[in-house]
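**Student:** coordinates for the following, if possible.
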Amino acid sequence: MQQCSHRQEKSHLIRLKQGSSVSFEWLYHRYQPKLYAFCYHLTRAKPDAEEVVQQVFVKVWETRHRIDPERSFSAYLIHIGRHIIYNKTAQRVRDFAFQEYFSATTTQQSNVTQEQINLRSLENTLHSLVQKLPFMQRKVFLLSRNDGLSNQEIANRLQLSKSTVENHIFSALKTLKKQLSKHYSYLPFTIFYRLLAQFIDA
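**Tutor:** Numbering: from 1, shown residues only. Here you go, the predicted model:
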């Protein structure tokens, strides 16, 4: 039965590559629940998870000519979903940082000397937090932020999959943001988000 199902799926993938909307619908209804569960696990927000699922399948349709019927379609969907969520998270942090920085700089004067002192303290704290990350997560993060390597270059160097590298960076950013917010919630946005944005600039 499972072998029959596999053959049926492969047949639909082949037809999808050829532009079959019927096969696209079949694959959508087959994998949408599993993909949604994965996206919800990462985003913890129903609207976000639903939006990512739609974006994943739009991406699948737009790049259907690149689908390999011999490889796991489920893994392919998860890979695209993880990448979209990672990019959305980074973009939201950058947007929020800009908005708060703009708001703060237009409503108050900052003490430059004190700000420089606080920024130096924050930098030291951030580097300390980076050192506490799990070994491989820390290694991937530093290769990305300090050495400027692309995700694919890191994957090649460490003999990891690109999706694993993306997952390590996503987890590192999430941990650092949480820890910095916990320890420096009282600081002006002009200081906190300026530093955070430097390390989350993808």
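**Student:** CA only for contacts and neighbour counts going forward, please
**Tutor:** OK.
**Student:** any idea which helix or strand carries the residue nearest the centre of the chain?
**Tutor:** Closest residue to the average C-alpha location of the chain: Tyr86 at 1.0 Å, with Cα atoms, centre = their mean. For Tyr86, the host element (DSSP states H and E) is helix 73-107.
**Student:** averaged pLDDT, that helix. What do you get?
**Tutor:** Taken as a whole, helix 73-107 has a mean pLDDT of 73.
**Student:** quick one, helices of the chain?
**Tutor:** With DSSP state H, the ranges of helices along the chain come out as 2-17, 21-43, 46-62, 73-107, 112-131, 135-145, 151-158, 162-183, 189-200.
**Student:** and the spatially closest residue to His168 that is not a sequence neighbour, how many residues sit next to it?
**Tutor:** Distance criterion Cα to Cα, 6 or more residues apart in numbering; nearest residue to His168, sequence neighbours excluded, is Gln137 at 5.0 Å. Number of residues near Gln137 (other Cα atoms under 10 Å) recorded here: 22.
**Student:** Gln137 and Phe170 touch, don't they?
**Tutor:** No: in this structure, Gln137 is not within contact of Phe170 by Cα atoms under 8 Å, at 9.4 Å.
**Student:** pLDDT weak spots in this protein?
**Tutor:** The chain contains residues with pLDDT under 70 at 1-4, 92-123, 181-202.
**Student:** let's see 50
**Tutor:** Applying pLDDT under 50 to the chain picks out residues 1, 106-110, 112-113, 117, 186-194, 197-202.
**Student:** what about Phe26, distance to His12?
**Tutor:** If you look again at residue 26, you'll see it is Trp, not Phe. 8 Å (Cα to Cα, to the nearest Å).
**Student:** more neighbours, those two?
**Tutor:** The residue with more neighbours, out of Trp26 and His12, is His12; 21 against 14, by other Cα under 10 Å.
**Student:** how about that one, what does it touch?
**Tutor:** Neighbouring residues of His12 by Cα atoms under 8 Å, 6 or more residues apart in numbering: 23-24, 26-27.
**Student:** now with 6 Å, please.
**Tutor:** When contacts are counted by Cα atoms under 6 Å, 6 or more residues apart in numbering, His12 touches Ser23.
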